[in-house]
Every structure is written in C-alpha cells, then in structure tokens.
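here's a sequence, model it:
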Amino acid sequence: MESFQETVKQNLQLFLEASTQFLLYTRQVYPPDFFTRRIVFGVSLYQCVPSSPLQNYIHTVFEDISDWASKGLVHKVVIQIDKGPHKERFCFELLLQELTVFKEPDMEDIEKMLHSFLQKIHTSSFVSTPTPGGTFQVFVYTKCSPTNKWKTEEEIYDTKIVPLKSSKTSQLSLQLFFEYT
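Presented below is the predicted three-dimensional model:
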C-alpha cells in the first residue's frame, strides 16, 4: 500500500501537468493538433498527445516539482506564457500540511479540491483573449536552493493580479491567481 505522501505527490503532479497542458491549449501556445481530450479528476480537458515530446517534457518537469512539493519545499508554481512584450502568469500557491497522528489523511477531499481547481481553470479562459504562438516557462518558488537543473528568476513588476480560486483541506492549501503585464 502506498503512503499518503506518495499519493499526494502523484495527485499534485497529475494536477499540475493537466493544468499546464490545458493552459497551453487554451492560451494557444501550440496548435490544436498537439492536444487531445482527456478526463482528469472528472474534468474534460485538452491535454498533450500522449508520448509526444511536449507531454514528456512537461511530465519530467513536474516529476521534480511534485517530489519537492510532497516534502513541503515548494510554496508556489508559476506557468508563465510569453507573447511578445506581454506575460501571462498562472500562479499556484500551495502548502502541504505536515501529517500528524491526530490528522486522518483524506484523499477524497484533496481530489475534490483539485477537481474544483481544474473546473475553474476550464471556465477561466475568459481572463484575457488568447493570441496564437508564444512560449512558456515554469517557475518554482522553493524553500531551498535550486538544483543545477533549475535556475533562479527575477521578479516581474507592474503586474495586475486577478484572484481565481482558493481552497483548503486539512492537508493541503491551494490558491490560484492570474498575473499579467
């Protein structure tokens, strides 16, 4: 039987991968034929074609991130989409509570929360009008120094922030907001 921490790690990884892929689809960073419809946490989303280079890249990135997040080392993950001088940042702030003998882990609550966040992302494509093309980057804000696979990033100033969703279970707090320049 796998541990609660491993289950949370896998669900966070699936959630962040699904969110990123769906954002790349809705923001038109890649052509529609790079994606196919899949159901993730009960929500129908466009996801990268399985085993494609893009899907493999995103999977590898979030494999590292979910490992750090399950240990409580990550406090924010940002998917930044660059379209010329404009930047769109989808920010996921998370806090994984330390388990104690007094708290019963409840994966059903966490899965419901992740489902509701995916629904919000699905319905938030109205935030700004997408234009085809651009690039994307993933930024991770941690409580430790990055490994040599990752580099540090500069803060972006003069951004506008739109809160999209906030939720909390006994084990996980998650907030989603949209920043743009």
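
what's the neighbour count on Met113?
21 (other Cβ atoms under 10 Å). The C-beta positions use only the backbone N, C-alpha and C, and glycine is treated the same way.

for the closest residue to it other than its chain neighbours, which three-state class applies?
Distances taken as Cβ to Cβ, 6 or more residues apart in numbering place Ser167 nearest to Met113, at 4.9 Å, with adjacent residues excluded. Following DSSP: H, G, I helix; E, B strand; the rest coil, Ser167 is assigned to strand.

dump the residue contacts of Ser167.
Shown in contact with Ser167 (Cβ atoms under 8 Å, 6 or more residues apart in numbering): 113, 116-117, 173-175.

now swap in Phe35 and tell me
Residues in contact with Phe35, defined by Cβ under 8 Å, 6+ apart, are 21, 24-25, 46-49.

please compute how far the lowest-mean-pLDDT helix or strand in the chain lies from its chain's middle.
When the helices and strands of the chain are compared on mean pLDDT, DSSP states H and E, helix 107-123 comes out lowest with a mean of 81. The chain centre lies 12 Å from the centre of helix 107-123; the measure is Cα atoms, centre = their mean, to the nearest Å.

and the following helix or strand past that helix, what's buried?
Where DSSP states H and E defines the elements, the next helix or strand beyond helix 107-123 is strand 135-142. Buried residues in strand 135-142, counted by 16 or more other Cβ atoms under 10 Å: 136, 138-140, 142.
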